[in-house]
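Trainee: below are the sequence and a predicted model; questions follow.
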Amino acid sequence: MQSPHEHIRVIKTKIALAAWMIAAAFPVLVSPAWSAEDVPPAPASAEIPIDLDKAGRGGDLAARAVVRLLCPALNSASSGFLHKSGNIITSESAVHDCSFPAMVMADGKVSPVTVVAADQYRDLAIVKPSAPLDAKSLPIASGDTIRIGMQVATWGFPSGYFGLTPMLSVGYLAGTDLNQTGAGKPVKQWVVNGLFNGGNTGGPLIDTATGEVFGVITTKLAPLTIDTTAMLRALENSTAGPAYAGTTSDGKQVTVTEGQLVGRVVNELRRQVQLVVGKAVMRDDLIAFLKANNIEP
């Protein structure tokens, strides 16, 4: 008869093996080879009527100005939006440690982008597309019309959604909070009651009454206790125990330990949790970031 400790170990091993088999059978869709042929054709946003009473002003612009950003090396995807400078605004976390960032054009073709500037403290980044976008830019709010309770919207590409046009999510501005950023200093951010997911990071937070951008989506609220966070980090950094060899979607040979695999699977499941509370960078921080990089807001 197995001891409780051995029984738990067997279960954990089975989870790890199952996760690896799933990953091997269904490679991620954000590899460098991702193209229009890999995705069912989607009609252009202009061909689909947008209810501006529900989606808010600016919805017709956002449907074309918001793009999907890819980091093939990290198998991650996020959102960004076109600024009048011709650059794309997104979050720093979307391009952090990304060797060859790219964007998906409206026709599904993947085009490289260059990181122009990044601010880990504010969680903001500017990237330059290799080819101009055929879209109108989204305006940055200049007036003082922001109120708690106002209806807001974001357009983006949440995790698990592979359409070529951004998805709309509508919510309400719920308050503010201090967020501990990667730079180690707390920064004030908007709290939004709205349905966000991992891929929404970097998308615009839009005032539906004016159609202006007054924030940038940065994260969703999916809190863990300090102890649990430490345990997950320990798992993902573990180098001991059984290891599994495999091939990533771009053909790279990798070896992953059991602990690393379990940690990644648990974190991925956590990212997929649907909570209706998210956070966004504030307008003043966005404007200050643009000006610091000699870009007129």
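Mentor: Perfect, I can see it now.
Trainee: ok, and the closest non-adjacent residue to residue 129?
Mentor: Excluding the flanking residues, the one nearest residue 129 by C-beta to C-beta, 6 or more residues apart in numbering is residue 113, at 5.3 Å. All C-beta atoms are positioned from the backbone trio N, CA, C, and that covers glycine.
Trainee: restrict the host helix or strand of that neighbour to CA atoms and write it as CSV.
Mentor: Under the criterion of DSSP states H and E, residue 113 resides in strand 110-119. Taking C-alpha atoms only, strand 110-119 is exported to CSV below (Å, rounded to 0.1, in the frame of the first residue of the first chain):
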residue,chain,number,x,y,z
VAL,A,110,3.1,38.5,-38.9
SER,A,111,5.3,41.5,-39.1
PRO,A,112,8.3,42.4,-36.8
VAL,A,113,8.2,45.4,-34.5
THR,A,114,11.0,47.2,-32.7
VAL,A,115,10.8,48.3,-29.0
VAL,A,116,11.5,52.0,-29.0
ALA,A,117,11.1,52.6,-25.2
ALA,A,118,10.0,50.7,-22.2
ASP,A,119,9.3,51.7,-18.6
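Trainee: which SSE is immediately downstream of it?
Mentor: The helix or strand immediately downstream of strand 110-119 is strand 124-129, counting by DSSP H and E.
Trainee: now the angle between strand 110-119 and that next one, please.
Mentor: Interaxial angle, strand 124-129 versus strand 110-119 (axes from the mean of the first three to the mean of the last three C-alpha atoms, to 10 degrees): 150 degrees.
Trainee: which elements pack onto strand 124-129?
Mentor: On a contact count with 3 or more C-beta pairs under 8 Å, 6 or more residues apart in numbering; DSSP states H and E, strand 124-129 meets strand 88-90, helix 92-95, strand 110-119, helix 283-292.
Trainee: winner for burial among these?
Mentor: strand 88-90 (a mean of 27; mean count of other C-beta atoms under 10 Å).
Trainee: name the helices or strands packed onto it?
Mentor: Other helices and strands packing on strand 88-90, by 3+ C-beta pairs under 8 Å, 6+ apart, are strand 66-71, strand 76-82, strand 124-129.
Trainee: can you list the strands that it pairs with?
Mentor: Counting by DSSP bridges, the strands paired with strand 88-90 are strand 76-82 (antiparallel), strand 124-129 (antiparallel).
Trainee: quick one on the thing from earlier: so the residue nearest to residue 129 sits against residue 101, correct?
Mentor: Yes - look at residue 113 against residue 101 with C-beta atoms under 8 Å: they come within range, at 5.1 Å.
Trainee: contact partners for residue 119?
Mentor: Counting by C-beta atoms under 8 Å, 6 or more residues apart in numbering, residue 119 makes contact with 92, 125, 289, 292.
Trainee: now, which of the residues you listed sits nearest residue 246?
Mentor: Nearest to residue 246 out of the contacts of residue 119 is residue 92 (C-beta to C-beta; 29.9 Å).
Trainee: check contacts around the closest one.
Mentor: Counted by C-beta under 8 Å, 6+ apart, residue 92 has contacts 118, 119, 120, 122, 123, 124, 125, 182.
Trainee: could you give me the PyMOL selection string for whichever of those are buried?
Mentor: Applied in PyMOL, the following selects the buried portion of these according to 16 or more other C-beta atoms under 10 Å:
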select buried, resi 118+119+122+123+124+125
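Trainee: least confident of the contacts of residue 92?
Mentor: Minimum pLDDT for the contacts of residue 92 is recorded at residue 182 (58).
Trainee: hang on, the earlier thing: would you turn the helices and strands packed on strand 88-90 into JSON lines with distance to residue 167?
Mentor: Output for these, formatted as JSON lines (distance: least, C-beta to C-beta, whole Å):
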{"stretch": "strand 66-71", "distance to residue 167": "9"}
{"stretch": "strand 76-82", "distance to residue 167": "9"}
{"stretch": "strand 124-129", "distance to residue 167": "21"}
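Trainee: in JSON lines: the contacts of residue 92, plus distance to residue 247.
Mentor: Formatted as JSON lines, the contacts of residue 92 follow (distance: C-beta to C-beta, whole Å):
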{"residue": "118", "distance to residue 247": "31"}
{"residue": "119", "distance to residue 247": "36"}
{"residue": "120", "distance to residue 247": "32"}
{"residue": "122", "distance to residue 247": "37"}
{"residue": "123", "distance to residue 247": "33"}
{"residue": "124", "distance to residue 247": "35"}
{"residue": "125", "distance to residue 247": "30"}
{"residue": "182", "distance to residue 247": "30"}
